[in-house]
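1. predicted coordinates and the sequence they were generated for:
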Amino acid sequence: MRNSRANKNKEKKDEKKKKAVKIILTVFFLILCCFGGLYYYVRHNIKVPDNGVTYENSASEQNPEYEEQEGINNILLIGVDSRDPKEKARSDSMIIMTIDDNNKKLKLTSIMRDSYVPISGHGEQKINAAFAFGGPELLLKTLRDNFKISINKYIIIDFWGFEGLIDAVGGIDVDVKDYEIKELNKFIGESTGGKKSLTITHSGMQHLDGQQALSYARIRKVGNGTFERDQRQRFVISLLAKKLEDINIIQYPKLLNSLLPIVKTNIEPVMLLNYGYTVSKIKPLTIEQLQIPQNELSEGRIYMGSWVQIMDIEQNAKILNDFIFNDKKPDKKEYNISQFKQILKKYLRTEKEIHPHVDQDDPELKKEPESSDHSYPYKKSNKNR
């Protein structure tokens, strides 16, 4: 009788262990998701690729002003816009993934790539330029300096990784809107080459493969532009998280083998497992999302000849800190819109001094170009002629 009970207890323990391993591995994949991706979980398999690119200002110094809190870990997920590993690419996607053990949540915060911020040693630039100037270290430093949060870990993934992960889990289901179809189909086949997936012919719930899902995540010219694009990216990652919860453990080797070569990270395997254990205790898996900067505290426009997102850094930093460390969602009633308007006026005055003949009332200045690196030919103001 005792032996029977002992065996049953052992079976239960074994079952719990298997479940724990599955959860940890599931979370492990989730952590490595920004356009998909995986990292070796066994130390002797780890090979951090040397892409031959030399970066400037790769500083990772700490500052006591940076907000941090026990039980909360931030990881920067970076998707790059180049498939040439030797090219100094800008970061196409930046998402801060927060593992909040205190409130039992995962949080995803998109940082708009055109956010106009100071970058150490380079003046004010689009935030995604920090990656090209100094790699992930300078990008992390830029986030710390401007938003006053503690963040030192990163995971970099390219477009191939995103497609591979989506295909490896069998695709995802997305409700495609009418206005998204044309742009989605435009990117199919352009993303990573190879066999071209089928185009989408109608709106509604669609089962997307990797290439189609990547195209969906890249849509930017319709709806609310870059804001909606970043929202789609967070949504796709959330779908992956849910899908990976249900995946059979025997499928993990296949996922690993197909995606290991395209990931770079500074996170040690032991730490990844610690993150996995932390998230395994979150029942049910709760994922909350945020966009920085907030719509009301920023304005997208052509500035100094390029499309940028001018924002109130101080207010957006507070919103980000409250979301990550105080588990507080943005409250628009607390926004100081007049403060942001004053900041915007300062930028416009500076531009006017440098380009005195620019017509700042030109509606074209607020139309997001097809390429965020588009150079705008200023029109002269009638007032100055």
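-> Happy to help now that I have it.
2. the protein: strands as residue ranges?
-> Counting by DSSP state E, the chain has strands at residues 72-80, 91-100, 105-111, 116-119, 123-126, 153-157, 172-176, 204-208, 263-265, 287-292, 298-303, 306-311.
3. mean pLDDT for these: which is lowest?
-> Among those, strand 263-265 carries the lowest mean pLDDT, a mean of 77.
4. re the thing from before, okay if I get the strands of the chain as CSV plus distance to Gly134 and mean neighbour count?
-> Quick note: C-beta positions are derived from backbone N, CA and C, even for glycine. Output for these, formatted as CSV (distance: least, C-beta to C-beta, whole Å; neighbours: other C-beta atoms under 10 Å):
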stretch, distance to Gly134, mean neighbour count
strand 72-80, 13, 24
strand 91-100, 11, 23
strand 105-111, 16, 22
strand 116-119, 8, 20
strand 123-126, 11, 16
strand 153-157, 12, 24
strand 172-176, 34, 16
strand 204-208, 35, 14
strand 263-265, 15, 22
strand 287-292, 21, 20
strand 298-303, 23, 23
strand 306-311, 19, 23
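5. quick check: which of those strands is nearest to Tyr277?
-> Checking the strands of the chain against Tyr277 by C-beta to C-beta gives strand 91-100 as the closest, at 10.5 Å.
6. where are the low-confidence patches of the stretch 251-385 of the chain?
-> Within the stretch 251-385 of the chain, the stretches with pLDDT under 70 are 251-262, 273, 280, 369-385.
7. quick one, helices of it?
-> 252-259, 269-280, 313-325, 337-354 (DSSP state H, counting those that start in this stretch).
8. now those helices in a markdown table, with distance to Phe235 and mean neighbour count?
-> Formatted as a markdown table, those follow (distance: least, C-beta to C-beta, whole Å; neighbours: other C-beta under 10 Å):
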| stretch | distance to Phe235 | mean neighbour count |
| --- | --- | --- |
| helix 252-259 | 21 | 16 |
| helix 269-280 | 19 | 18 |
| helix 313-325 | 17 | 21 |
| helix 337-354 | 27 | 13 |
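9. mind checking which of these is nearest Leu138?
-> Evaluated over the helices of the stretch 251-385 of the chain, closeness to Leu138 peaks at helix 313-325, with 17.3 Å, by C-beta to C-beta.
10. check which helices and strands the closest one is in contact with.
-> strand 72-80, strand 91-100, strand 105-111, helix 129-147, strand 287-292 (3 or more C-beta pairs under 8 Å, 6 or more residues apart in numbering; DSSP states H and E).
11. and the chain, what are its domain boundaries?
-> Domains of the chain are assigned by automatic domain parsing as 22-292, 297-385.
12. ok so, going back, any idea which of the helices of the stretch 251-385 of the chain gets closest to Arg232?
-> That would be, of those and by C-beta to C-beta, helix 313-325, which comes in at 19.7 Å.
13. and the angle from that closest one to strand 105-111?
-> Orientation check (axes from the mean of the first three to the mean of the last three C-alpha atoms, to 10 degrees): helix 313-325 against strand 105-111 gives 160 degrees.
14. angle of helix 313-325 against strand 287-292?
-> Interaxial angle, helix 313-325 versus strand 287-292 (the same axes, to 10 degrees): 170 degrees.
15. and helix 313-325, C-alpha only, in PDB?
-> The C-alpha trace of helix 313-325 is given here as PDB (Å, rounded to 0.1, in the frame of the first residue of the first chain):
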ATOM      1  CA  ILE A 313      10.400  62.800 -22.700                       C
ATOM      2  CA  GLU A 314       9.800  63.600 -19.100                       C
ATOM      3  CA  GLN A 315       6.100  62.800 -19.100                       C
ATOM      4  CA  ASN A 316       6.500  59.700 -21.200                       C
ATOM      5  CA  ALA A 317       9.300  58.500 -18.900                       C
ATOM      6  CA  LYS A 318       7.000  58.800 -15.900                       C
ATOM      7  CA  ILE A 319       4.200  56.900 -17.800                       C
ATOM      8  CA  LEU A 320       6.700  54.100 -18.600                       C
ATOM      9  CA  ASN A 321       8.100  53.900 -15.000                       C
ATOM     10  CA  ASP A 322       4.600  53.800 -13.600                       C
ATOM     11  CA  PHE A 323       3.600  51.000 -16.000                       C
ATOM     12  CA  ILE A 324       6.700  48.900 -15.300                       C
ATOM     13  CA  PHE A 325       7.400  49.500 -11.600                       C
END
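16. relative to strand 72-80, how tilted is it?
-> Going by the same axes, to 10 degrees, helix 313-325 makes 120 degrees with strand 72-80.
17. rewinding a little: how about the helices of the stretch 251-385 of the chain in JSON lines, adding distance to Thr109?
-> Compiled in JSON lines, the helices of the stretch 251-385 of the chain are given as follows (distance: least, C-beta to C-beta, whole Å):
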{"stretch": "helix 252-259", "distance to Thr109": "24"}
{"stretch": "helix 269-280", "distance to Thr109": "17"}
{"stretch": "helix 313-325", "distance to Thr109": "6"}
{"stretch": "helix 337-354", "distance to Thr109": "19"}
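18. if we can go back for a sec, any chance of CSV for the strands of the chain, columns distance to Asn185?
-> Formatted as CSV, these follow (distance: least, C-beta to C-beta, whole Å):
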stretch, distance to Asn185
strand 72-80, 21
strand 91-100, 20
strand 105-111, 24
strand 116-119, 32
strand 123-126, 28
strand 153-157, 24
strand 172-176, 10
strand 204-208, 12
strand 263-265, 29
strand 287-292, 26
strand 298-303, 25
strand 306-311, 24
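19. closest one to Thr278 among these?
-> Closest to Thr278 of these, according to C-beta to C-beta: strand 91-100, at 5.7 Å.
20. list the contacts of the residue lying closest to Leu239 once chain neighbours are set aside.
-> Closest residue in space to Leu239, ignoring its immediate chain neighbours: Ile172 at 4.6 Å, by C-beta to C-beta, 6 or more residues apart in numbering. Each residue near Ile172 by C-beta atoms under 8 Å, 6 or more residues apart in numbering is listed here: 166, 207-208, 213, 236, 239-240, 243.
21. many thanks, have a good one.
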